[in-house]
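Visitor: Any chance you can model this:
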Amino acid sequence: MQRFQSIVTGGKIPVSIRERIAEAIAAYDGKAIVITIAKVIKRRSHAQNRFMHGPFLAAFRLMHHDAGLNHTEKESKDAFKKAFGPTVCIELADGTIIQEPKSTAEYTTLEAETAMERARAWAAGLGYELPFPNEEDL
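Guide: Sure, this is the predicted structure:
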């Protein structure tokens, strides 16, 4: 599989990229291929991921522990994703649509921060503070 990334300007991609795509297509002469065009989306950063899976979810879990709920780390993460994270829609053969929480590995930077901000607002309503990145105890 080959990937080509480019900026579209005036509805076109640079000639050099078009030539590379044409060469790649020529290599499959007589074969069926799939061509996908997608917008580049910035995935959550490693630092953002470490924060979310470290101090943020630890505080989220501790908040529930204080309420007498002994969730495992996985259960806490699953609850966070289901309650505050984005979802993906999956269609079954009969047309039924199922909504599932999106994997945190697939979050964009905006989706990750939006989910954490929703959780912060919810926790604040219960009298808890969930951490922000780079916060230091004073």
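Visitor: quick one: average confidence on stretch 34-45?
Guide: Mean per-residue pLDDT for stretch 34-45: 82.
Visitor: Next, the buried residues of it.
Guide: Applying a neighbour-count criterion of 16 or more other Cβ atoms under 10 Å, one finds R44 buried in stretch 34-45. C-beta: built from backbone N, CA, C; applies to glycine.
Visitor: Give me the distance between that stretch and the centre of its chain.
Guide: 12 Å (Cα atoms, centre = their mean, to the nearest Å).
Visitor: Need the distance between the two termini of it.
Guide: This stretch, stretch 34-45, spans 29 Å end to end (Cα to Cα, to the nearest Å).
Visitor: With adjacent residues omitted, what lies nearest to the spatially most central residue of the chain?
Guide: In the chain, the centroid-proximal residue (Cα atoms, centre = their mean) is Y107; its distance is 0.8 Å. Using Cβ to Cβ, 6 or more residues apart in numbering and skipping residues adjacent in sequence, the residue nearest Y107 is R44, 4.7 Å away.
Visitor: coming back round to it: contacting residues around the residue nearest to the centre of the chain?
Guide: Contact criterion Cβ atoms under 8 Å, 6 or more residues apart in numbering gives R43, R44, G85, P86, A115 as the residues in contact with Y107.
Visitor: Of those residues, which is the nearest to G127?
Guide: Among these, A115 lies closest to G127 (Cβ to Cβ), at 20.6 Å.
Visitor: Phi, psi for the residue sitting furthest away from the middle of the chain please.
Guide: Relative to the C-alpha centroid of the chain, counting by Cα atoms, centre = their mean, G30 is the outermost residue, at 37.3 Å. Per-residue torsions, G30: phi 80, psi 0 (degrees, to the nearest 10).
Visitor: Check the contact between the residue nearest to Y107 and A112; I expect there is one.
Guide: Yes. Between R44 and A112 a contact is recorded at 4.2 Å, counting by Cβ atoms under 8 Å.
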